[in-house]
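Asks: here is my input, please return the structure:
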Amino acid sequence: MYSNTNTEHVVLLIFWMVVVLFITFHIQSKNRSIYIPNQTVAYAAIRPNPSSFGITRHQHLIQDKIILSLEEHDDIHKLYQQEKDFDNCSTVSDTIQNARIDSFPLVALASFPRSGNTWTRHILQIASQYYTSTVYWKAERHKPNAPYFRGGEYDYNEKRGICTKTHSGDKEVIDCFSAGAILIIRNPRKVAVSNVMHQKITNEDSRDDELRTRVQHIRNNTDKWRSRSLGIIKRWKNLYTSWIEHAKRVLVVHYDNLCENTYDELKRILNFLNLPINGYYIQCAVDLKPCHLHEYFDFQPDYPDEYDELIDKLNQTLKDKKLPPLPTYSDHRSRFIDDQNKHEPRST
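Replies: Below is the predicted model:
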């Protein structure tokens, strides 16, 4: 009797082992693309191989998620556009996670202030479903936008964030980021104006009036503006030059390109970070957080002649390192619109 019972137990054990092996084989099969209706995670991604500099992905980063390998990520983009009932983008911001300690290598998200760092963090978090971090975590965890960047609740050295915000170009800061940096570079003319326009607004209800006052102040103080804007572009050029020359590895992202082609630029950034390319989440990031180019009335300040020289020097540094050169900043002034005339018909 006991012998028969033991035999039955052995048979059942073998049976379930075969079932588990069968299921495991199918889950881990490569180059499979599966369409799962009515599930947000249907657009999942290839699990990337470790990069050449030795990042090892931790298994816990993908627990409780369906991972589907896809040969062509662009097909996901097309499928998303066709299947509008598949769109659950309203909830993707709620599912962003804080990773565990030592989940990611230290990669900087470096930029000069007013170059799109905050917006880039927003879309990266949606696209990756993990929070970014910041070197300013002690101060920024108390800011009004802190709930959107919960990675900033922790010391960035804990390596919970997929990348870390910084506006510093100091070499000691650069050396902290052993896995390199993503550089967001924006037209310095627009950066200079944005720095003035986005200083603390004292009353949101009178925002436009305050901005008009600032515009008028610059018009009435041309010499002071030219001196200040020259200081801004010198710091702009020095910051990026320092990162290009000292960082372990660099991905250059031009702000104009990120605004105009957000989907493909996000794929580039995620690939640099050695993260899954998830077409569904990327498209949700594009839809939920589109790029907004601020336009400030009929404001066309003069810029010092040194601007062009400094821009050319940074551009040459990029070329020497075989990095993407700067876009052609042909406007030579920030792009502005006269809000009183923008609805009038154009003269022919």
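Asks: Ile311 - how many residues pack around it?
Replies: Residues lying near Ile311 (other C-beta atoms under 10 Å) number 19. (C-beta placed from N, C-alpha, C; glycine too.)
Asks: where's it, which helix or strand?
Replies: Using DSSP states H and E, the element containing Ile311 is helix 306-320.
Asks: which neighbouring elements make contact with that helix?
Replies: helix 188-197, helix 222-246 (3 or more C-beta pairs under 8 Å, 6 or more residues apart in numbering; DSSP states H and E).
Asks: okay, buried residues for it please.
Replies: Going by neighbour count (16 or more other C-beta atoms under 10 Å), the buried part of helix 306-320 is 307, 310-311, 314-315, 317-318.
Asks: dump those into CSV; add pLDDT as well.
Replies: Output for the buried residues of helix 306-320, formatted as CSV (pLDDT from 0 to 100):
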residue, pLDDT
Tyr307, 90
Leu310, 94
Ile311, 94
Leu314, 96
Asn315, 95
Thr317, 96
Leu318, 97
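Asks: where does the stretch 51-200 of the chain have low pLDDT?
Replies: Within the stretch 51-200 of the chain, the ranges that satisfy pLDDT under 70 run 51-87, 200.
Asks: what ranges does it have for its strands?
Replies: Assigned by DSSP state E, counting those that start in this stretch, the strands in the stretch 51-200 of the chain fall at 108-111, 133-134, 164-166, 181-185.
Asks: could you dump the ones you listed into a markdown table with distance to Tyr156 added?
Replies: What follows is the strands of the stretch 51-200 of the chain, written out as a markdown table (distance: least, C-beta to C-beta, whole Å):
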| stretch | distance to Tyr156 |
| --- | --- |
| strand 108-111 | 10 |
| strand 133-134 | 4 |
| strand 164-166 | 5 |
| strand 181-185 | 13 |
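Asks: so which of those is nearest Tyr154?
Replies: Among these, the nearest to Tyr154 by C-beta to C-beta is strand 133-134 (6.8 Å).
Asks: strand partners (parallel or antiparallel) of the closest one?
Replies: strand 164-166 (parallel) (DSSP bridges).
Asks: measure Arg268 to Asp287 for me?
Replies: As judged by C-beta to C-beta, to the nearest Å, Arg268 and Asp287 stand 19 Å apart.
Asks: higher neighbour count, the two?
Replies: Between Arg268 and Asp287, Arg268 has the larger neighbour count (other C-beta under 10 Å), namely 17 against 14.
Asks: do you know the pLDDT at the more buried one?
Replies: Reported pLDDT at Arg268 in the predicted model: 98.
Asks: what helix or strand is it on?
Replies: Using DSSP H and E, Arg268 sits in helix 262-272.
Asks: next one: Leu13
Replies: In this assignment (DSSP H and E), Leu13 forms part of helix 2-28.
Asks: quick one: neighbours of Val135, just the number.
Replies: Neighbours of Val135 using other C-beta under 10 Å come to 22.
Asks: returning to that earlier point: I'd like the next helix or strand past the helix holding Arg268.
Replies: The helix or strand immediately downstream of helix 262-272 is helix 279-288, counting by DSSP H and E.
Asks: how far off centre is that next one?
Replies: 12 Å (C-alpha atoms, centre = their mean, to the nearest Å).
Asks: just the CA atoms of it, as CSV, please.
Replies: Output in CSV follows, covering the C-alpha atoms of helix 279-288 (Å, rounded to 0.1, in the frame of the first residue of the first chain):
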residue,chain,number,x,y,z
GLY,A,279,6.5,51.2,-27.2
TYR,A,280,3.3,51.5,-25.2
TYR,A,281,4.8,53.5,-22.4
ILE,A,282,6.9,55.6,-24.7
GLN,A,283,3.9,56.7,-26.6
CYS,A,284,2.0,57.4,-23.4
ALA,A,285,4.9,59.6,-22.4
VAL,A,286,4.7,61.5,-25.7
ASP,A,287,0.9,61.9,-25.3
LEU,A,288,0.8,62.8,-21.6
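Asks: and it, what's buried?
Replies: Of the residues in helix 279-288, 279-286 count as buried by neighbour count, 16+ other C-beta under 10 Å.
Asks: number of nearby residues for Ile23?
Replies: With other C-beta under 10 Å as criterion, Ile23 counts 10.
Asks: give me the distance between it and Ile182.
Replies: From Ile23 to Ile182 the distance is 38 Å (C-beta to C-beta).
Asks: with Tyr281 instead?
Replies: When distance is defined by C-beta to C-beta, Tyr281 is 18 Å away from Ile182.
Asks: so Ile174 touches Ile244, yeah?
Replies: No. Using C-beta atoms under 8 Å as the test, Ile174 is too far from Ile244 to be in contact (10.1 Å).
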